[in-house]
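Asker: let me see the structure of the following:
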Amino acid sequence: MDTIVRELYHQNTFHIEDFVEKEDEAYEGFKIGMPLAEASTASTELIKIRSMENIFGISPDSLPATRKENSSVMKAEVDRKLAALVRDVEGLTAQRSRLEAQAKALEGRVVALEPFAAVPLDMDLYHGYEGLSVFAGYVDSDVEIPVAHEKHFVPAGKGEQNFIVVFVTAPDADAADRALLEAKFQSIPIPEGNGPVKDLIYDARGKIAELNEEIAKIDRNLEEKKKEYGEFLVAYDEYFTAVVEQAEAPLRFATTEDAFVAEGWVPSERVEAIKASLTHATGGKVYVTELEIGDDPKDVPVEYDNPRFSHPTELFMDIYARPRYDEFDPTLLVSIVFPIFFGLILGDIGYGLVLLAMSFGLRKYFTGEAGTQLLDTLRNSSIMSCVFGVLFSEFFGTSLPWDPIIYSRHLNIGGAAVHNPMVAELLIVSVWIGILHITLGRLLHVRNLRHAMHKSPRVNREILGQFGWLATMWGIIVAIWSMFPIPLMVDLTGFPPVAMGLNAAGIFGAVLILLGIVLIGQESPLELMEIPTIVSHVLSYTRLVAVGLSSVAIAMVTNYIAFDLIISPQLASLTIAGVVIILMGLVVLLLGHMLNTALGILGGGLHSIRLHYVEFFTKFYKGGGKKYNPFGMKRKFTEE
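Answerer: Residues are numbered from 1 along each chain as shown. Okay, here's the model as predicted:
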């Protein structure tokens, strides 16, 4: 078992299917295995290592690898090097904890002494009496004590409460207590001590400073050890993680006293290599067989198989749901379409360059895989923003030296209203995008079902239902084309009327609608309630233009306020006050574009991914695939 476990871990391709004890004749006599001998020791060492990593604020993901340690050498030196480091670090942290506790106690003493600092009495005068009672605390206002007493009242400073100290004879304590309670007296403990209160506070603060200096010295010592041993520590983390994972692998196997069964998944192209490596490692003392994939595709673990360009978009797929083994993986489509949608919304060279710089500048802060994927997606989207900025001729809301190549999104800000017909055409383009995107989604649904067409009548009805949705949507579109001439769309209004004011194209559209309704209804009558979503989902794509126009408007308004209303009037006759106002205008300009950049990220990102999640994925994508998680690791700090 140990030999096979090591070899499977080294290959890093075997996704273990956990064994569950069950009443099955095929597994009669099998039980869950026991961990290997080194499991307990390695787990203890790993806990110590991760405790020190937590003290140092490091992890294997946060440090780069400059070299790889040899696992055999690390194993031989673990008692000498690691034990000494653990002992030193634990000693330093324990000492720091003691010092921090002392400093905290002294800080509490300072807080307790401070109210008494304004009273002209030494601290020892508050204690040691048999015939006197002492009251100290806060009141809303000065109090008249009805018995013989000595009183010190300290009026409240700003944001403080009135402080009072009262000395009375023991027999009169109850009367004094009642008078104080009527004034909403809040008692506080009287600290111990001898001498002037201010001297006691000064001494406590001096000791706190000394303790903090010792704590800072320990922190510097720990920082030096972090620099010296940080990479060594994460290497041992990786080494012992590998040891623990291998030692605990038998807990996932079916075992008897003499044999064991390890069942799992490997990529098809690696099957022969796995067989050969296991046979070689065990000298032929292993039996490997391939099993048929079951009927439930959810049982099959899934690993993405996409071009490198698409890897960042896998993050968005996993957030929604990993694709199942039997369905189309839309990652490549999303990796192409998402940046286009983002660029169409933002569409400004200036903002695109800012986001491009951010996608590179933030990499030192986002070192994990998810952070890298997010920044790569931002990079691709920023590039498309620059591309559309060139096409729209936009730079922070101003026009570039050339006219727009495709459409102009510029609005008339600060002048007479001027109609921009290109905005309407852009909205129609966005509707076309929605029509084609949704059509593709329905066709992909049919593609996902094609392998099961002859297995169940329900599947055939579902396929017909998808064609029904397509027929209904295109029937509505054809009917609209037959009644209204719309720019950039097919004009079918030229046909003569045939019946009820409808021409041949209108009748064809109506037939498509009726046919689609029938096909939708045969799958499930309840689906007919969702027919209005055909229109709403298509029109939802107009957000690609509407949100983009809002970004253009904010940019142009920012420029108008900053330049036309604030800066330009001051340049006509420059004064010292005018220079100040010009600086204020530049601040307005900077803040406005910073805000618009943030809104651009949110608007471009959220609306683009929403169109995929809600309007596109709901047409064909189920997800729910199990992540392929091979037994083993990609070593970063160690090597066999």
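
Asker: surely residue 197 touches residue 119?
Answerer: Yes - taking CB atoms under 8 Å as the definition, residue 197 is a contact partner of residue 119 at 7.3 Å. C-beta here means a position set from N, CA and C on the backbone, and glycine is covered the same way.

Asker: out of the two, which sits in the more crowded spot?
Answerer: Here residue 197 and residue 119 are set side by side on neighbour count (other CB atoms under 10 Å), and the busier one is residue 197, at 21 against 18.

Asker: against residue 206, how distant is that one?
Answerer: Distance from residue 197 to residue 206, counting by CB to CB, to the nearest Å: 15 Å.

Asker: now residue 525
Answerer: Using CB to CB, we find residue 525 at a distance of 84 Å from residue 206.

Asker: can you name the next helix or strand after the helix or strand where residue 601 lies?
Answerer: Taking DSSP states H and E as the criterion, residue 601 maps to helix 576-610. Once the chain leaves helix 576-610, the next helix or strand it forms, by DSSP H and E, is strand 626-627.

Asker: any chance you could list what contacts that next one?
Answerer: Outside of strand 626-627, the residues within contact range by CB atoms under 8 Å, 6 or more residues apart in numbering are 298-303, 318, 322.

Asker: and these, which are buried?
Answerer: Among these, those that count as buried by neighbour count (16 or more other CB atoms under 10 Å) are 300-302, 318, 322.

Asker: and the residues you listed, which two are furthest apart?
Answerer: When the buried ones among the contacts of strand 626-627 are compared pair by pair using CB to CB, the two farthest from each other are 300 and 318, 16.7 Å apart.

Asker: mind checking how far whichever helix or strand residue 332 is part of is from the chain centre?
Answerer: Per DSSP H and E: residue 332 is located in helix 331-346. Distance, stretch centre to chain centre, for helix 331-346: 20 Å (CA atoms, centre = their mean, to the nearest Å).

Asker: cool, and stretch 12-28?
Answerer: Relative to the centre of its chain, stretch 12-28 is centred 35 Å away, using CA atoms, centre = their mean.

Asker: same question for stretch 49-59.
Answerer: With CA atoms, centre = their mean as the basis, the distance from the averaged C-alpha position of stretch 49-59 to the chain average is 23 Å.

Asker: please enumerate residues in contact with that stretch?
Answerer: Contacts of stretch 49-59 with the rest of the structure, by CB under 8 Å, 6+ apart, involve 82, 85-86, 89, 93, 222, 225-226, 230, 233-234, 236-237, 240.

Asker: among those, which two are most distant?
Answerer: Using CB to CB, the contacts of stretch 49-59 span at most 21.6 Å, a distance reached by 222 and 240.

Asker: more neighbours: the two, which one.
Answerer: For the pair residue 222 and residue 240, the greater number of neighbours falls to residue 240 (27 against 19), based on other CB under 10 Å.

Asker: so that one is in which element?
Answerer: Residue 240 is part of helix 197-247, with elements assigned from DSSP H and E.

Asker: now do that helix: which elements does it pack against?
Answerer: If contacts are counted by 3 or more CB pairs under 8 Å, 6 or more residues apart in numbering; DSSP states H and E, helix 197-247 sits against helix 2-11, helix 39-56, strand 69-70, helix 71-77, helix 83-113, strand 638-639.

Asker: given the next helix or strand after that helix, what are its sheet partners and their directions?
Answerer: The first helix or strand that comes after helix 197-247 along the chain, using DSSP H and E, is strand 254-255. Listed by DSSP bridges, the sheet partners of strand 254-255 and their directions read strand 31-32 (antiparallel), strand 260-261 (antiparallel).

Asker: got a list of contacts for the first one?
Answerer: Where contact means CB under 8 Å, 6+ apart, the residues beyond strand 31-32 that reach it are 19, 21, 251-256.

Asker: and for the last one?
Answerer: Outside strand 260-261, the residues that touch it by CB under 8 Å, 6+ apart are 1, 19, 30, 33, 250, 253-255.

Asker: count the residues that sit near residue 38.
Answerer: Other residues near residue 38 come to 15 when the count uses other CB under 10 Å.

Asker: oh sorry, the question was meant for residue 268
Answerer: The criterion is other CB under 10 Å. On that basis, residue 268 has 8 neighbouring residues.

Asker: kindly report the same for residue 286.
Answerer: Around residue 286 sit 15 other residues, with neighbours defined as other CB under 10 Å.

Asker: once you drop chain neighbours, what's closest to it?
Answerer: Taking CB to CB, 6 or more residues apart in numbering as the measure, residue 286 lies nearest to residue 278, with 4.9 Å between them; neighbours along the chain are not counted.

Asker: mind checking pLDDT for that neighbour?
Answerer: Residue 278 carries a pLDDT value of 95.

Asker: and it, what element?
Answerer: Residue 278 is part of helix 271-282 when elements are defined by DSSP H and E.

Asker: what residues does the helix or strand immediately after that helix in the chain touch?
Answerer: Proceeding C-terminally, helix 271-282 gives way to strand 301-302 as the next helix or strand, assigned by DSSP H and E. The contact list for strand 301-302, computed with CB under 8 Å, 6+ apart, reads 15, 265, 322-325, 625-629.
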